[in-house]
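> the sequence and its predicted three-dimensional model are supplied below.
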Amino acid sequence: VTHLDALLAGNARFAATDLRERGPAIPFVPNRQLYLVTCIDPRVDPAAVFGLELGDAIVARTVGGRVTDDVLDDLAWIGHLHAVVTPDAPWFAVAVVHHTGCGSALMADDALRSGFLARGARPGWTDARLRATAVTDPHATAAADAARLRAAGVVPGHVAVGGFVHDLATGVVTPVAPDPGPAGR
Ligand SMILES: [Zn+2]
């Protein structure tokens, strides 16, 4: 059995249940009104970390959980849909979650970066960009990325936007400044 065979076997078990019926009627209005930005690291799978089930949240996963231009573009689009298609639906809250021990910290390694770029990376991948992606201080980057998302104006000002740090050692996720405000707690 290959890894991909096992993947489809897992799907067969899912499809044999009625779990799919948990999905929200409108895909951009998730059941728990959450829009998460978190790392691709398998140790921070938000379904497990936050007890989320199918349909509960929109989840964007990037290296380090960094708020990239693509993340902002997607969020702007979803925000547009909310405003135009479902103006009466409650808005989601946005959580930017970075974590301790993040593998993206390897992007701070000069030799790894230069070797990667020497392979012929895609246009746009520059040494400076790679270096800036590294999460070496998750408190600082989570706060900075939450602020960047807020400043980008892709969601209305009343939408709660919070930065959070997930401590892999304890499993505990804590907010960082700026505070998400009453609506985000
Ligand atoms: Zn990570």
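Looks like it arrived, so ask away. Numbering: from 1, shown residues only.
> for the spatially closest residue to Val172 that is not a sequence neighbour, name its beta-bridge partners.
Of all residues not flanking Val172 in the chain, His166 sits nearest, at 7.6 Å (Cβ to Cβ, 6 or more residues apart in numbering). Where C-beta positions appear, they are placed from N, C-alpha and C, glycine not excepted. Counting by DSSP bridges, His166 is bridged to His99, Val173.
> around the ion, pick out the residues from this structure.
For the chain, the contact set with the ion under Cβ under 5 Å from the ion comprises Cys39, Asp41, Cys102.
> ok, the second one - contacts?
For Asp41, the contacting residues are His99, Cys102, Gly103, taking Cβ atoms under 8 Å, 6 or more residues apart in numbering as the criterion.
> re the thing from before, quick check: the residue nearest to Val172 touching Ala48?
No - counting by Cβ atoms under 8 Å, His166 stays clear of Ala48, with 11.2 Å between them.
> out of the two, which sits in the busier spot?
For His166 versus Ala48, the count of surrounding residues by other Cβ atoms under 10 Å is larger for His166: 26 against 11.
> quick one: residues contacting that one.
Thr38, Val44, Val49, Val97, His98, His99, Thr100, Pro138, Val172, Val173.
> now for the longest helix along the chain, which elements pack on it?
Using DSSP state H, we find that the single longest helix of the chain is helix 69-84. Counting contacts by 3 or more Cβ pairs under 8 Å, 6 or more residues apart in numbering; DSSP states H and E, helix 69-84 is packed against strand 34-39, strand 57-62, helix 138-151.
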